[in-house]
Structure formats: C-alpha cells, structure tokens
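Colleague: Below are the sequence and a predicted model for it; my questions follow.
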Amino acid sequence: MSLKTIKLDDHVIACQEGDSVLDALLRDNIDIPYHCRRGVCQSCMIRSLDDAPPAASQNGLTDVLQHQNYFLACLCYPEQDMTISLNSPKDFFTEMTVIDKKLLNLDILSLTLKCNTPLNYYAGQFVNLKRHDGLQRSYSIANNHLLNTDSLTLHIRKLKGGLFSEWAHQELAVGDTIDISDSQGLCYYLPNQLDQNLMLIGTGSGLAPLLGIISEALHQGHSGDIHLFHGSREVEGLYLIEEMQQLTQQYQNFYYTPCLSSDTLSNGFAKGRSHDVAMSSISSLKDWRIYLCGHPDMVHQAKRQAFLKGAAIQNIYADAFHVGTALAK
Amino acid sequence: MTETTTLYEQLGGEAAVNAAVDIFYRKVLSDYRINRFFDDVNMAQQAAKQKAFLTMAFGGPHNYTGEDMRKGHAHLVKLGLDDSHFDAVMENLGATLAELNVPQELIAQVAAIGESTRNDVLGR
C-alpha cells in the first residue's frame, strides 16, 4: 500500500514503509557510503533529481545543499516516489556563442557567451568550458541570472603556459561556439536572509563569482551590509576598481576595499593580504555570511580566521581555484 | 517523577550538541598545544566529526567503535599525538560545557565518556 519506488540511473528500487532510502539501497546492494545511520556523519548524502526531499532528511545540511535537493539517505523516509542520484551532476553540455570579449586588465579577459535557450544558474556557481578537442576548464559565473537568463560572463585569467587560457585569450573569437556545462557549485547567494551582513573576499579573478553574488544580492534588495575585499600583489592585478567605487556611491550598504599585498604603498588601497585586511576590519563575524574565492591558501586561511571570529561553519561559502593541473610542460 | 532520563536528554539532546560544537571547535583551533593537528583538515568535514564525537560524549546515539577511533587518529599518533594533547582536548571540552552553564556533575559524566576513548585514540 505504501510502497514507494526510488529510481537511480537504470535501477528501480522498492522502498517499504518504515524503511529509509539508505535501507532500501543497501537491501538492493547499491554501493553507497554510509556510517552513523543517524544523520550525524553525513556520509550518505545524495541528491533528489525531481521533487524536494522530506524536510527531516535535510536536517543539518547547509541552505544551499538543501536548495539543491541534497538529503541524507539514512534520514529519508520517502513520502512519494523519488528519482535520485549518487553522483555530482553529470556534465550536460550546451553549445554557446561568444558575443563579447574584452580585457579587464593585462591578464584577465571578460568573456560573454550567449545561449538560445534560457539557462538555469546562480551567480557564484561555475561552469566547465569544453573546447572542440575536449580540453576542459572550470570558470565562475560573474553575472546575475536575474538580469541575463540567456548569457554568461566569465573572467579568464591568462596563465603562463596555460593551454586553455592562452587559447581563450589569443584565438577564441566573437562568433565562435564552445560547449558549456550545466552550472555547478554551492558558493552562491540565496535571498533567505536579506538583513544578514555579507563579507566577500577574493583574490585575482576570484572577483568574478563575488561580482555575480553582489549583483544578485543588491538586485534582491539585500539590506544587510555587503563588504567586498579584493586583493592582489600589485595594483595591476586588480580590476573593475572604478566600477566597484561607483557601486559604493549607488548603494549605501555596499563597501569596497581594494587590497595590495606588495610593499608599495598606494593611496586608496589597503596594505596587506585581502583576508588579513578583512578580518582585522571587523571585530565579530557572528551571524555573518562569508564568501571566499580565489587562491587556495587564502581560502583555507580565511575560512579558519572567519570561523574563529565567530562565523558559523555553515555560513562560510568558499570556492578555491586550483590551477595545478592547468599548466602545460 | 521519573528518574530515567538519560545523560543525553539531561544535556538537551541534539540542540545542546549543536550549541556546543562551534564553541568546542573554536577552542580547539585556538589552542596552540593542539591546533597544528588540524592544519590541513577540511573544516566542514571536521565539524561533522566533532559533532559525532560530542554526540557520543554526551551519551547520545552513535555508532563509534574503538576501532574507528584507532583508525581515525593513527596518522596523528605518527605525528606525535600523546596524552598531553588528549588532556588538552578534554580541557577544552570541559571549558565548553562550563561556558554553556552545564552543571558540574553532568560535565563529570561527559568527561568520563570522553576519557574512555583515550587508549583507542592514542592507539594503545
């Protein structure tokens, strides 16, 4: 009577009344990691591909994970038939056309791509770009989906010897097409607490996802303070400085601090690494939401600093840019 | 009146664990005696582990075995994890509960459960 079915790839699994999704999967010998079976360890986190899972099965997950319909199999007693996935979303690629290409500074290219169908993405997420020979790289989305449902803007930093970035800078041209994956990642804005203070720290092209998040927050009428810290070694590494300064004129709750970590002192710039400047500027981050994007060392250190300053772990959103495998010999 | 409430219930159950976990983890990360053991961990995963540990120490539902404790800490024992570090963690646990105004007799019960893991954690 109350048997529910669970669809997983090509399997259809029966879930008896009183059984959790984890029980049902294990009974069918599906290989799923699990440990505590009580919703504590989160080893058995999986994703619903159709409807939202029962609220009780999302207990303890961050709001973005809940928003993406992730849930804990051990706590999930299905209320209806479900379709689930054990893996991160497969890459579905859509062909898009380059409609704009311009340099934001010496090394960072702004690339805008247009699609014929509306896209489903959140600013701050990332997409994978696939060149026609299969070479792939991930880039963050810098624009706001509320304003552009059919285009994406990405910031591509030229890495010395970078196979993809050098090609994108030098050869990819307006009018060319390229395959773009569905958007991924959990570092994005949700309008669920408009009065929460936000701190955003980015290094280099880590500004890209933060710009999208800020644009979306302001567009949603975010009323809490929004503090952006953008860091680089030298002033040449920063970009969109005037645009950010203009935004502070336009929105009273938006604050912008460009930071330079080199020894040279420059007027209008804070001296020091962006996360150090940010952390010393505010005495407590209790109840703040923190976004960190850029160099992995910065992200790692800033996470700990923010937590020790009072931010809750579930309020720290991060996207570390790893470039180790992107370099040619 | 019933006297059968468990330690976990007396402490306040999952809500109490949630209140304690960030305070406890902040104390551990700020403690120069032990924070080097946490330098390379993923903080979100570590927080989930801290929550599982506190749930156990609070007398709550858990599936921890001595074997899990051994495996989970073996790499740290190689790095020199010893009694002094275990003592420091226990001290932070006690201070966390004191900060949350948990009565002394309950703190003693939590400490006793924590203490029972010492030999497994230290791989003896």
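Modeller: Right, received. Where do you want to start? Numbers count the residues shown, from 1 in each chain, chains lettered A, B, ... in the order given.

Colleague: State the helix or strand in which B:Ala108 lies.
Modeller: Assigned by DSSP states H and E, B:Ala108 falls within helix B:104-115.

Colleague: quick one: that helix near chain A?
Modeller: No - using Cβ under 8 Å from any Cβ of the partner chain, we find that helix B:104-115 stays clear of chain A, coming within 15.8 Å at best. To be clear about C-beta, it is placed using only N, CA and C from the backbone, and glycine gets the same treatment.

Colleague: model confidence over that helix, on average?
Modeller: Across helix B:104-115, the average pLDDT comes to 94.

Colleague: ok, now stretch A:115-126?
Modeller: 85.

Colleague: Which residues are in contact with residue 63?
Modeller: Using chain A. Residues in contact with A:Asp63 (Cβ atoms under 8 Å, 6 or more residues apart in numbering or on different chains) are A:Leu190, A:Asn192, A:Gln314.

Colleague: switch to chain B, that's the one I care about
Modeller: Counted by Cβ under 8 Å, 6+ apart, B:Asn63 has contacts A:His35, A:Cys36, A:Arg37, A:Arg38.

Colleague: about what we covered before: sitting in helices, which of the contacts of A:Asp63 do you find?
Modeller: Members of these lying in helices (criterion: DSSP state H): none.

Colleague: Near chain B, list only the ones from those residues.
Modeller: Among the contacts of A:Asp63, the ones lying close to chain B by the criterion of Cβ under 8 Å from any Cβ are A:Gln314.

Colleague: List only buried entries from the contacts of A:Asp63.
Modeller: A:Leu190, A:Gln314 (16 or more other Cβ atoms under 10 Å in any protein chain shown).

Colleague: Need the contacts of A:Asp63 in a markdown table (columns: pLDDT).
Modeller: What follows is these, written out as a markdown table (pLDDT from 0 to 100):
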| residue | pLDDT |
| --- | --- |
| A:Leu190 | 90 |
| A:Asn192 | 91 |
| A:Gln314 | 88 |
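
Colleague: and which of the contacts of A:Asp63 is nearest to A:Leu240?
Modeller: The closest of the contacts of A:Asp63 to A:Leu240 turns out to be A:Leu190 (Cβ to Cβ; 24.2 Å).

Colleague: Setting aside sequence neighbours, what's the nearest residue to that closest one?
Modeller: A:Asp63 (5.6 Å; Cβ to Cβ, 6 or more residues apart in numbering or on different chains).

Colleague: So for the one you found, what pLDDT did the model give?
Modeller: On the pLDDT scale, A:Asp63 gets 85.

Colleague: Kindly report the same for A:Ala328.
Modeller: At A:Ala328, the model reports a pLDDT of 34.

Colleague: and stretch B:84-96, average pLDDT?
Modeller: 96.

Colleague: Of all the residues in it, which ones are buried?
Modeller: In terms of neighbour count (16+ other Cβ under 10 Å), stretch B:84-96 has its buried residues at B:His85, B:Phe86, B:Ala88, B:Val89, B:Met90, B:Asn92, B:Leu93, B:Gly94, B:Thr96.

Colleague: Chain A next: which of the residues you listed are close?
Modeller: Among those, no residue is within reach of chain A (Cβ under 8 Å from any Cβ).

Colleague: any chance of the residues you listed in CSV, plus secondary structure?
Modeller: Listed next are the buried residues of stretch B:84-96 as CSV, based on DSSP: H, G, I helix; E, B strand; the rest coil:
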residue, secondary structure
B:His85, helix
B:Phe86, helix
B:Ala88, helix
B:Val89, helix
B:Met90, helix
B:Asn92, helix
B:Leu93, helix
B:Gly94, helix
B:Thr96, helix
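
Colleague: quick one: which of the residues you listed is nearest B:Ala15?
Modeller: The closest of those to B:Ala15 turns out to be B:Thr96 (Cβ to Cβ; 14.8 Å).

Colleague: So for the closest residue to that closest one other than its chain neighbours, what's the pLDDT?
Modeller: Counting by Cβ to Cβ, 6+ apart, B:Phe24 is the residue found nearest to B:Thr96 once chain neighbours are left out, at 4.3 Å. B:Phe24 carries a pLDDT value of 95.

Colleague: So which bits of chain A are right by chain B?
Modeller: A:35-38, A:40-42, A:303-304, A:307-308, A:312-314, A:316.

Colleague: from these, which ones fall inside helices?
Modeller: Going by DSSP H, the helices hold A:Lys303, A:Arg304, A:Phe307, A:Leu308 from the residues of chain A next to chain B.

Colleague: Mind checking which of those are buried?
Modeller: In those, burial by neighbour count holds for A:Lys303, A:Arg304, A:Phe307, counting by 16+ other Cβ under 10 Å.

Colleague: picking that back up, kindly reformat the contacts of B:Asn63 as CSV containing neighbour count and pLDDT.
Modeller: Listed next are the contacts of B:Asn63 as CSV, based on neighbours: other Cβ atoms under 10 Å in any protein chain shown; pLDDT from 0 to 100:
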residue, neighbour count, pLDDT
A:His35, 15, 80
A:Cys36, 20, 78
A:Arg37, 19, 83
A:Arg38, 16, 81
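
Colleague: Tell me which residues touch residue 19, please.
Modeller: In the absence of a named chain, chain A is used. Counting by Cβ under 8 Å, 6+ apart, A:Asp19 makes contact with A:Arg27, A:Tyr77.

Colleague: The chain in question should be chain B.
Modeller: So B:Ala19 contacts B:Gly12, B:Leu100 (Cβ under 8 Å, 6+ apart).

Colleague: Can you name the residue of the stretch 151-300 of chain A nearest chain B?
Modeller: Proximity of the stretch 151-300 of chain A to chain B (Cβ to the nearest Cβ) peaks at A:His300, 8.5 Å away.

Colleague: again with the stretch 201-329 of chain A
Modeller: A:Ile313 (4.7 Å).

Colleague: The chain: helices as residue ranges?
Modeller: Since you didn't name a chain, this refers to chain A. Here chain A has its helices, by DSSP H, at A:21-27, A:63-67, A:163-170, A:207-219, A:241-250, A:274-281, A:296-308.

Colleague: The chain in question should be chain B.
Modeller: With DSSP H, the ranges of helices along chain B come out as B:7-11, B:13-30, B:43-57, B:66-78, B:83-99, B:104-115, B:118-121.

Colleague: Report the separation between the residue nearest to A:Leu211 when sequence neighbours are not counted and A:Gln314.
Modeller: Ranked by Cβ to Cβ, 6+ apart and with sequence neighbours excluded, the top spatial neighbour of A:Leu211 is A:Ala142, at 4.9 Å. Going from A:Ala142 to A:Gln314 by Cβ to Cβ, to the nearest Å gives 25 Å.
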